[in-house]
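A.B. asks: Quick one: sequence plus predicted model below, questions after.
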Amino acid sequence: MENLVMLCLLGCFFTLGSAGIGIPQVCYGPDYGCFDQFPPFANPLMKLPQSPKEIGTSFRLYTRDNNITNEADELDDSSKLKLKKSHFNIERPRTIIVCQGWTETGNGYDNWMIDLKNALLRKGDFNVILVDWSEGANQDYGQSAGNTRLNGAIIANFINFLIYHSGNSGQSAADKFYFIGFSFGAQSGGFAGSRLQEKYKMKLGRITGLDPAGPYFTATDTKVHLDKSDAQYVDIVHTNAGYIGTSDVVGDTDFFPNGGSVQTGCAPDPKDSPVFIVGCNHLRATKYFVNTVTEECPNPWTGHPCGSYLSYTLGLCNGCGDGVCPLMGYRAEETKLNGKFYLNTGTWDTLCQLTDPNAHDRIRGTAVFQFYDLTPLTRLCNNLPSCEQLLPNLLSNPLCLLM
């Protein structure tokens, strides 16, 4: 039932319209190229991208030199004069590009982007660039989804422009570029990363996908969605998998806090607005990530490999092979471990990682459990069919676990 409600709420935003229907291809010059609806982009609901003018992608640069006054340097992918007058310095240890998601403004009023920008500049002397493509992101879902393709091409062209006109060239410069995208922004990062390789023969250093958009991207060809081939390292934070976010494991390292679909403090409540119900779990990825940069939480956001979220929550998982588990968020690249990793977090008041149920000395033996109330276990099943079928049997049959 919860799945049905969420999909119905999301479906209110899905309209076919007329733009992009029946038009097999659009072209936007040598910089951005052509886009078609032939395989693997044959989904008619995912429309062809609007023009660059209609999408209106722009870039705002912040550094430690201009962040105090909060006066951004406005940049684009063609003006060498703007770049020369800006505070951009290719020699900084990192250039971090942050991209908004669906229906966000991207122009300074999305608190998570501002919070992240400030946290990053406190952490290091970086170039931090916020991407505003709000005109393209605030269309109906099918059009905005299609616009991610052109938005990615514009971002790739912009990255090449920064590198080429800063007296650098080649892979060594691209190594220091780090893209962080939320929802449609994450999918835009995938298109930017793949295009940078195809057209400019450079590979981004890292992409972080914060709950990458799912509908029209899930279970598609790797050319259609963000995946681990789009950068040297790709890490994903799933917070609404199977709903607005993708349920696919698409990165080198995929984190599933609280199981990856429903976050603590986001359970549907009749008193909440539809927008809150739909967006709470999805947006939580941005809040988690900001907290991993500020490092204000007592626990370091340690992910744990496990066969399922239920097994993780019951404390049945061993540690990582080399004794070092990956940290979700900003520090994920310290280990770059491959696979799916789980962790639990607190509610709105804390938004920090809870104590790891698997962080204990293991005691091997056999335990037999007889259940009389299954209410605490129903949430742990997390919509896994085999688990839901098992629960009724636990009332009449003891559960034997080998540990």
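C.D. replies: In hand now; what should we look at? What you see is a predicted model; the values in this text were computed from it and never measured.

A.B. asks: Tell me how far residue 262 lies from residue 281.
C.D. replies: 6 Å (CB to CB, to the nearest Å). No exception for glycine: its C-beta is placed from N, CA and C like everyone else's.

A.B. asks: These two: who's more crowded?
C.D. replies: Between residue 262 and residue 281, counted using other CB atoms under 10 Å, the more crowded position is residue 281 (27 against 23).

A.B. asks: picking up where we left off before, identify the contacts common to residue 262 and residue 281.
C.D. replies: Each of residue 240 lies in contact with both residue 262 and residue 281 under the rule CB atoms under 8 Å, 6 or more residues apart in numbering.

A.B. asks: My guess is residue 128 contacts residue 65. True?
C.D. replies: No - Residue 128 is not in contact with residue 65 according to CB atoms under 8 Å; the separation is 11.6 Å.

A.B. asks: Between the two, point out the one with more neighbours.
C.D. replies: More crowded of residue 128 and residue 65, by other CB under 10 Å: residue 128, with 27 against 13.

A.B. asks: dump the residue contacts of that one.
C.D. replies: Counting by CB under 8 Å, 6+ apart, residue 128 touches 61-63, 96, 98, 117, 120-121.

A.B. asks: where's it, which helix or strand?
C.D. replies: strand 127-132 (DSSP states H and E).

A.B. asks: After that strand, which helix or strand is next?
C.D. replies: Next along from strand 127-132, by DSSP H and E: helix 134-137.

A.B. asks: what helices or strands is that next one leaning on?
C.D. replies: helix 52-55, helix 141-164 (3 or more CB pairs under 8 Å, 6 or more residues apart in numbering; DSSP states H and E).

A.B. asks: Just say which of those helices is most tucked in.
C.D. replies: Comparing the helices and strands packed on helix 134-137 by mean neighbour count (mean count of other CB atoms under 10 Å), helix 141-164 comes out on top with a mean of 25.

A.B. asks: Would you mind pulling up the elements that it packs against?
C.D. replies: Using 3+ CB pairs under 8 Å, 6+ apart, helix 141-164 sits against helix 29-32, strand 34-36, helix 52-55, strand 95-99, helix 134-137, helix 171-174, helix 184-200.

A.B. asks: Could you export the ones you listed as JSON lines, including distance to residue 335 and mean pLDDT?
C.D. replies: Below are those laid out as JSON lines (distance: least, CB to CB, whole Å; pLDDT from 0 to 100):
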{"stretch": "helix 29-32", "distance to residue 335": "36", "mean pLDDT": "95"}
{"stretch": "strand 34-36", "distance to residue 335": "37", "mean pLDDT": "97"}
{"stretch": "helix 52-55", "distance to residue 335": "37", "mean pLDDT": "98"}
{"stretch": "strand 95-99", "distance to residue 335": "20", "mean pLDDT": "98"}
{"stretch": "helix 134-137", "distance to residue 335": "33", "mean pLDDT": "94"}
{"stretch": "helix 171-174", "distance to residue 335": "22", "mean pLDDT": "91"}
{"stretch": "helix 184-200", "distance to residue 335": "21", "mean pLDDT": "98"}
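
A.B. asks: closest one to residue 72 among the helices and strands packed on helix 134-137?
C.D. replies: Closest to residue 72 of the helices and strands packed on helix 134-137, according to CB to CB: helix 141-164, at 14.9 Å.

A.B. asks: Give the stretch among the helices and strands packed on helix 141-164 with the greatest mean number of neighbours.
C.D. replies: strand 95-99 (a mean of 27).

A.B. asks: now what about that strand, what contacts it?
C.D. replies: 59, 88, 106, 113, 116-117, 120, 126-131, 133, 151, 155, 159, 162, 176-182, 185-186, 188-189.

A.B. asks: Follow the chain on from it and name the next helix or strand.
C.D. replies: Counting by DSSP H and E, what follows strand 95-99 is helix 111-123.

A.B. asks: what is the orientation angle of that next one with strand 127-132?
C.D. replies: If you take axes from the mean of the first three to the mean of the last three CA atoms, to 10 degrees, helix 111-123 sits at 170 degrees to strand 127-132.

A.B. asks: So which residues make contact with helix 111-123?
C.D. replies: 62-64, 67, 96, 98, 100, 104, 106, 108, 126, 128, 130, 180, 182, 283, 286-287, 289-290, 293-294, 330.

A.B. asks: could the helices and strands packed on helix 134-137 go into JSON lines alongside distance to residue 314?
C.D. replies: JSON lines is the format used below for these (distance: least, CB to CB, whole Å):
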{"stretch": "helix 52-55", "distance to residue 314": "47"}
{"stretch": "helix 141-164", "distance to residue 314": "37"}
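
A.B. asks: Make TSV out of the helices and strands packed on helix 141-164 and add distance to residue 343.
C.D. replies: Shown next, in TSV, are the helices and strands packed on helix 141-164 (distance: least, CB to CB, whole Å):
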stretch	distance to residue 343
helix 29-32	39
strand 34-36	38
helix 52-55	36
strand 95-99	23
helix 134-137	29
helix 171-174	31
helix 184-200	20
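
A.B. asks: Please tell me how far residue 334 sits from residue 328.
C.D. replies: 11 Å.

A.B. asks: swap that for residue 130, sorry
C.D. replies: 23 Å.

A.B. asks: cool, and residue 187?
C.D. replies: Taken as CB to CB, the span from residue 187 to residue 328 is 20 Å.

A.B. asks: Please apply the same query to residue 175.
C.D. replies: 23 Å.

A.B. asks: now swap in residue 197 and tell me
C.D. replies: Counting by CB to CB, the gap from residue 197 to residue 328 is 26 Å.

A.B. asks: How about residue 61?
C.D. replies: Taking CB to CB, one finds residue 61 at 28 Å from residue 328.

A.B. asks: between residue 334 and residue 328, which one's more packed in?
C.D. replies: Between residue 334 and residue 328, counted using other CB under 10 Å, residue 328 has the larger neighbour count: 29 against 10.
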